[in-house]
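Trainee: coordinates for the following, if possible.
(chains A and B)
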Amino acid sequence: NAGVMQNPRHLVRRRGQEARLRCSPMKGHSHVYWYRQLPEEGLKFMVYLQKENIIDESGMPKERFSAEFPKEGPSILRIQQVVRGDSAAYFCASSPQVTSNTEAFFGQGTRLTVV
Amino acid sequence: QKEVEQDPGPLSVPEGAIVSLNCTYSNSAFQYFMWYRQYSRKGPELLMYTYSSGNKEDGRFTAQVDKSSKYISLFIRDSQPSDSATYLCAMREGGSQGNLIFGKGTKLSVKP
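Mentor: Numbering: from 1, shown residues only, chains lettered A, B, ... in the order given. You can find the predicted model right below:
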């Protein structure tokens, strides 16, 4: 049973380009969460999605960032017109059908570097 | 005041020592408390999970939650060099779904 799969593991983008980060949840998991980890900082919640629905995007920057989790395929975190401050590790986590004691399992992350 | 406070360390101990890691928090609505271990350039790995107050033990690891003091702890007995990592506390309110609030993490080094 594969874990949460994220790709690419490393991504380099020039300022102004778009970054697309992919996350395939664990088998049987229908809930996906994206987190960002800046250097020397803890993980910060960005967005929570179920299939075809955004449930909570309270941690997403208002501009340039978007996320989706289509009916088929991985969840995508998209960052448009990247800036140097977007350089960070982006982690995806997934959990099964929600009960109050759900555990979230994390992927290995995508390290985005904006040059 | 941040929602979750965690001393970033670094913390260096000799092999075999008992390690104590802790976090304090301000939101009394938190009910679920977790400890994650994160090796360098890897994703967080869930170590311990506790609901409400009390203790939970798993092998060399013991998690404690004191909701009255808004204080949680992770103890590692007989620490090993392989325990060297960053330890993140995380917590969430009851009923919320996956919106975890993390501490900044404590970097632990266990010297052989």
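Trainee: surely B:Ser82 is within a helix?
Mentor: Yes: counting by DSSP: H, G, I helix; E, B strand; the rest coil, B:Ser82 is located in a helix.
Trainee: that one: what's it in contact with?
Mentor: Going by C-beta atoms under 8 Å, 6 or more residues apart in numbering or on different chains, B:Ser82 touches B:Val110. C-beta coordinates here come from the backbone N, C-alpha and C atoms, glycine included.
Trainee: quick one: it and chain A, what's the gap?
Mentor: Distance, B:Ser82 to chain A, using C-beta to the nearest C-beta, to the nearest Å: 18 Å.
Trainee: and what of B:Asp83?
Mentor: Counting by C-beta to the nearest C-beta - B:Asp83 and chain A are separated by 19 Å.
Trainee: that residue touches B:Ala17, doesn't it?
Mentor: No: checked against C-beta atoms under 8 Å, the pair B:Asp83 and B:Ala17 is beyond contact range at 10.0 Å.
Trainee: so for these two, which residue has more residues nearby?
Mentor: Just comparing B:Asp83 and B:Ala17: by other C-beta atoms under 10 Å in any protein chain shown the higher neighbour count belongs to B:Asp83, 18 against 14.
Trainee: how close does that one get to B:Lys2?
Mentor: 26 Å (C-beta to C-beta, to the nearest Å).
Trainee: swap in A:Lys44?
Mentor: From A:Lys44 to B:Lys2 the distance is 12 Å (C-beta to C-beta).
Trainee: so between these two, which is more surrounded?
Mentor: Comparing A:Lys44 with B:Lys2 by neighbour count (other C-beta under 10 Å), the higher total belongs to A:Lys44, at 15 against 12.
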